[in-house]
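Student: just coords:
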């Protein structure tokens, strides 16, 4: 089954404690992206990657890091989380593996709370 | 900069009627526009894409229109069902690299 997986689904942590949210896709997509979703706001892009070892900042990259060492994986790293990073995070990938060109496939989301 | 407006108030529709959701944008006309469905606590799911040279697109009970003069897209669900209740997101192409700008979504509630 074509899918994007994320782990963990829920995470409560404290300010300053480094964390990583993993993302993996099995569709051989080149493009992957991280978004955050906050109430009343549209999805905002944090980082994206056009291919292995190619990453770029989105609209709200401050406080986040990413890496793309393998095509299928695109982890999101919060080196020193702060309460304003409490949010719902989504990983997405884009490709043409049988779907509509430009269709974005989303993971199930990671709800992060930073106290 | 490009802004997207979707009705922030929930839309309540009686089962069997047609639901119409609106997506307005303020600046340039995008090369394409997408609609997604999002259920509570889950990731958005792609529904339809319409390109700037297409006036209308259909998929089963769904219909999307794209009016570049009005800078507006309408999303219709005909013969609505309670299972159609969800938040619907509009997203506009904003250049290269699959970049999108997203609306905040409209919550649709279909009452039996």
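Tutor: Arrived safely. Please read these numbers as outputs of a predicted model, since none were measured by experiment.
Student: Any stretches of chain B with poor pLDDT?
Tutor: Along chain B, segments meeting pLDDT under 70 are nowhere present.
Student: Which residues of it lie near chain A?
Tutor: B:4, B:8, B:32, B:34, B:36, B:41-46, B:49, B:89, B:91, B:93, B:97-105 (CB under 8 Å from any CB of the partner chain). (Each C-beta comes from the backbone N, C-alpha and C, glycine too.)
Student: distance of the spatially most central residue of chain A from chain B?
Tutor: In chain A, the residue lying closest to the centroid (CA atoms, centre = their mean) is residue A:34, at 2.9 Å. Here the criterion is CB to the nearest CB, to the nearest Å. By it, residue A:34 lies 12 Å from chain B.
Student: phi, psi of the closest residue to that residue other than its chain neighbours?
Tutor: Spatial nearest neighbour of residue A:34, excluding adjacent residues (CB to CB, 6 or more residues apart in numbering or on different chains): residue A:46 at 4.3 Å. Phi and psi for residue A:46, reported as degrees, to the nearest 10, are phi -100, psi -60.
Student: so residue A:46 sits right up against residue A:61, yeah?
Tutor: Yes - assessed by CB atoms under 8 Å, residue A:46 is found in contact with residue A:61 at 5.8 Å.
Student: Buried ones among the residues of chain B next to chain A?
Tutor: Those of the residues of chain B next to chain A that meet the buried threshold are B:4, B:32, B:34, B:36, B:43-44, B:46, B:49, B:89, B:91, B:93, B:98-105, by 16 or more other CB atoms under 10 Å in any protein chain shown.
Student: residues from chain A in reach of chain B?
Tutor: A:4, A:31, A:33, A:40-45, A:48, A:50, A:56, A:90, A:92, A:94, A:99-109, A:111.
Student: Narrow those to those that are buried.
Tutor: Restricting those to buried positions leaves A:4, A:31, A:33, A:42-45, A:48, A:50, A:90, A:92, A:94, A:102-107, A:109, with burial counted as 16+ other CB under 10 Å.
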